[in-house]
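Undergrad: 3D, please:
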Amino acid sequence: MANQLLARQEDLPSHQPIPGNNQSIGGLSASNNSNLLAGQFRDVYIGESKSLNDVLESLPTAADAPFNSYRRQREPACLPDTRVDLLQEIYDWADGIDERCIFWLNGLAGTGKSTVSRTVARTYNDQQRLGASFFFSKDGGDVGHAGRFFTSLAVQLSINVPSLQSIISDAVKERRDIAN
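TA: Sure thing, here's the model as predicted:
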């Protein structure tokens, strides 16, 4: 059975409050028989006085991971008026109406977990509420393993939630091995 795990921002551990961040972030996802591991992004160092953007751009990422990457542009979302109850259940959870800390989407291979996840990611992206997405693929490359998972999410979060940029950049500067 394939599993999928989604995590809300307020359920993720944090070492300090995020200043000025009152955005709800929904739709973090991992797919294709994969689990999403959520944790705090801290500790990395990349050089002497690099600018914020230089630090973030130096992190290794998986370019094909986001739901809206060039490679994934033709992957389907749910058709209109399909999966309505399931999507509403996920939206209720992501919006904080459902008090569960984790939403676990599971099912056999080929039953539409990735399609549902893409639909959720697209919806929250269109609302400018998506923090990050990472779609694993059994086809391999950088999305065939979790080696660039955390750094990919960190870079996406720094772009989509600007108040996180300096926090992530400081963490990268603080410890050299975070991206290894």
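
Undergrad: Low-confidence regions, the protein specifically.
TA: Scanning the chain for pLDDT under 70 picks out 1-50.

Undergrad: What ranges does this protein have for its helices?
TA: When secondary structure is read from DSSP state H, the chain shows helices at 52-57, 84-94, 113-126, 149-160, 165-174.

Undergrad: So for C78, which of the ones you listed sits nearest?
TA: Evaluated with Cβ to Cβ, the helices of the chain place helix 113-126 nearest to C78, the distance being 4.3 Å. For the C-beta atoms, the positions are set from N, CA and C on the backbone; glycine is no exception.

Undergrad: List the buried residues of that closest one.
TA: Buried positions in helix 113-126, judged by neighbour count with 16 or more other Cβ atoms under 10 Å: 113-125.

Undergrad: just these now: which is nearest R100?
TA: Nearest to R100 among the buried residues of helix 113-126, counting by Cβ to Cβ, is V120 at 15.2 Å.

Undergrad: Okay, the closest one and P76: tell me how far apart.
TA: Per Cβ to Cβ, to the nearest Å, V120 is found 13 Å from P76.
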